[in-house]
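K.L.:
Any chance you could fold what I've pasted below:
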Amino acid sequence: MSSGLPIDLILFAMVAAFLVLRLRSVLGRRTGFERPPQGEPAAGAGPAPREAVAPPPAAVATRGVPDPRSPAGQGLGRIRLADSTFDPGAFLGGAEGAFRMIVQAFASGDRNTLRDLLAPDAFAGFDQAITARETAGATQRTEIRAIHEMAIEAAELRGTVADITVRIVSDQVNVTTAADGSISAGAEAVTEITDLWTFQRDLSVSDPTWKLVGTRPA
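P.N.:
Presented below is the predicted three-dimensional model:
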């Protein structure tokens, strides 16, 4: 994939307007109840309070590490030989945090956060997309409702440069509002989105940050 990230790909991937995905009722909701006060209500008091439904617990993303005998697993093995501190589980935890930060930063136009987490070519693509949105007077709202899966799909070591591609399955609400206040893309409905994000790090440098170099829909 190209790390240049075409503007239309970024816009469509982040806004979720580029494909029709099945809506999910996901997350079988587990409810809890608040016990009402005991005893008779005082004279003149209103009706007894209704049982309150507790919010559902946050979903925990499934983290997938490939079999060591697979091509991706062998790639991870080479990365581990080059960097003895590398741990796939910890990497996926960091990738999930980066995913949340990057998606929200793109929606809000936070270029400083994006610059810290993206490689230069990737940042240029995101920056162009944000500029186009700002020029049009549009705004974007993104809510990540749940992340269901974080799985390593590919891993490669070229010299001292490591690349790891992660499959990310998330439930999101994405709405783009035009300058006149109308919704120009997206919807309030929760949509499941599957992305492939590639992170890169030069293992020979002291900076431990894995930076995003490319995205594409799975």
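K.L.:
Which residue lies closest in space to the residue nearest to the spatial centre of the chain, excluding its sequence neighbours?
P.N.:
Among the residues of the chain, residue 99 comes closest to the average C-alpha position under C-alpha atoms, centre = their mean, at 3.9 Å. Spatially, and ignoring its direct neighbours in sequence, residue 99 is nearest to residue 168 (5.7 Å; C-beta to C-beta, 6 or more residues apart in numbering). (Each C-beta comes from the backbone N, C-alpha and C, glycine too.)
K.L.:
Quick check: that neighbour vs residue 134, distance?
P.N.:
From residue 168 across to residue 134, the span is 26 Å (C-beta to C-beta, to the nearest Å).
K.L.:
what's the answer for residue 102, then?
P.N.:
Residue 102 is 18 Å from residue 134, where distance means C-beta to C-beta.
K.L.:
Tell me which of the two has more neighbours.
P.N.:
Neighbour totals were compared for residue 102 and residue 134, and residue 102 leads with 22 against 11 (other C-beta atoms under 10 Å).
K.L.:
thinking again about what came up before, A strand includes the residue nearest to residue 99, no?
P.N.:
Yes: applying DSSP: H, G, I helix; E, B strand; the rest coil, one finds residue 168 inside a strand.
K.L.:
How many residues are close by it?
P.N.:
23.
K.L.:
can you give me the helices for the protein?
P.N.:
With helices called from DSSP state H, the chain shows them at 7-15, 71-82, 88-108, 111-117, 120-135.
K.L.:
Lowest average confidence across these, which one?
P.N.:
Lowest mean pLDDT within the helices of the chain: helix 7-15, a mean of 40.
K.L.:
CA-only coordinates of stretch 180-198, as CSV, when you get a sec.
P.N.:
The C-alpha trace of stretch 180-198 is given here as CSV (Å, rounded to 0.1, in the frame of the first residue of the first chain):
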residue,chain,number,x,y,z
ASP,A,180,-25.1,25.0,6.5
GLY,A,181,-25.6,22.6,9.4
SER,A,182,-26.8,19.7,7.3
ILE,A,183,-25.3,16.2,7.5
SER,A,184,-23.1,15.8,4.4
ALA,A,185,-21.8,12.3,5.2
GLY,A,186,-22.2,9.6,7.8
ALA,A,187,-25.0,8.9,10.1
GLU,A,188,-25.9,8.7,13.8
ALA,A,189,-26.1,4.9,13.6
VAL,A,190,-23.3,2.7,14.9
THR,A,191,-21.3,1.2,12.1
GLU,A,192,-18.8,-1.6,12.2
ILE,A,193,-15.6,-0.6,10.4
THR,A,194,-12.6,-2.9,9.7
ASP,A,195,-9.3,-1.2,8.9
LEU,A,196,-5.7,-2.3,8.3
TRP,A,197,-3.2,0.1,9.8
THR,A,198,0.5,-0.3,9.3
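K.L.:
list the buried ones in that stretch?
P.N.:
184, 185, 186, 190, 191, 192, 193, 195, 196, 197, 198 (16 or more other C-beta atoms under 10 Å).
K.L.:
Isn't the fourth one up against residue 145?
P.N.:
Yes: Residue 190 is in contact with residue 145 according to C-beta atoms under 8 Å; the separation is 5.5 Å.
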